[in-house]
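Student: Quick one: sequence plus predicted model below, questions after.
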Amino acid sequence: MQQHEQYQDAAELRDDAPPTSAKDLDSDRALLAESVTINRTAEELFAFWRNPENLVQVMENVVSIEPIGLDRSRWTVKGPAGNEVSWESIVTKEVPGREIYWQSAEGAEIANSGRIEFRDAGERGTVVRAVIAYDPPGGTVGRMIAKLFQREPRIQTRRDLHRSKQLMEAGEIATSARNQRQREERNEEQYETLDMERQA
């Protein structure tokens, strides 16, 4: 089901426009989607995610986000082996209270694009869904290395969404819950790495 969702996203979200006018995701890149339900209104969550400076609080691998214009910011994130990677991110489309689209500027070290969706879930709050397309360095080998260093985008996106849920609902991020989640995800990564080694 999840694989079908990824293919459907890729087919529907093709957009060959330049970064400043693109409204969709680059389907030539690896595509992932993760979601979480947060007990806050869509408007509150949209406002939080629309301010890039807020995201440093919930994104573990982000070193800094520097606003450089109304719709542009420079992101610096942690990478494998203690390295850092930077790129300029551009908000290419937004629907207040519903969606935010972004894309990395031309020449980014790790080309990426995506969208954050906010969908009303009634009494449960709002479903926040992140859809991200990225171009991993080194293809399959790069993805395997990233998994080993806890930097694989799917795992990190899942973590960051749950951190945002904790912050928005409880006002803080629970360290014990984060550590438990990290242990579970490390086990998941070990199984995935073994599978990749068997297939090699």
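Tutor: Yes, it's here.
Student: export the lengthiest strand in the chain as PDB, just CAs?
Tutor: Ranked by number of residues, the top strand in the chain under DSSP state E is strand 84-95. Listed next in PDB are the C-alpha coordinates belonging to strand 84-95 (Å, rounded to 0.1, in the frame of the first residue of the first chain):
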ATOM      1  CA  GLU A  84      27.800  19.300   7.500                       C
ATOM      2  CA  VAL A  85      25.800  20.000   4.300                       C
ATOM      3  CA  SER A  86      24.200  23.400   3.400                       C
ATOM      4  CA  TRP A  87      21.700  24.500   0.700                       C
ATOM      5  CA  GLU A  88      19.200  27.200   0.000                       C
ATOM      6  CA  SER A  89      15.500  26.300   0.300                       C
ATOM      7  CA  ILE A  90      12.700  28.100  -1.500                       C
ATOM      8  CA  VAL A  91       9.000  28.000  -0.600                       C
ATOM      9  CA  THR A  92       7.400  27.600  -4.000                       C
ATOM     10  CA  LYS A  93       3.800  27.400  -3.100                       C
ATOM     11  CA  GLU A  94       1.600  27.700   0.000                       C
ATOM     12  CA  VAL A  95      -2.100  27.400   0.800                       C
END
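Student: What is the subsequent helix or strand relative to it?
Tutor: Downstream of strand 84-95, the first helix or strand assigned by DSSP states H and E is strand 99-104.
Student: which strands and helices sit next to the next helix or strand after that next one?
Tutor: Moving toward the C-terminus from strand 99-104, the next helix or strand (DSSP H and E) is strand 112-120. Contacts defined by 3 or more Cβ pairs under 8 Å, 6 or more residues apart in numbering; DSSP states H and E place strand 112-120 against helix 42-50, strand 99-104, strand 126-134. For the C-beta atoms, the positions are set from N, CA and C on the backbone; glycine is no exception.
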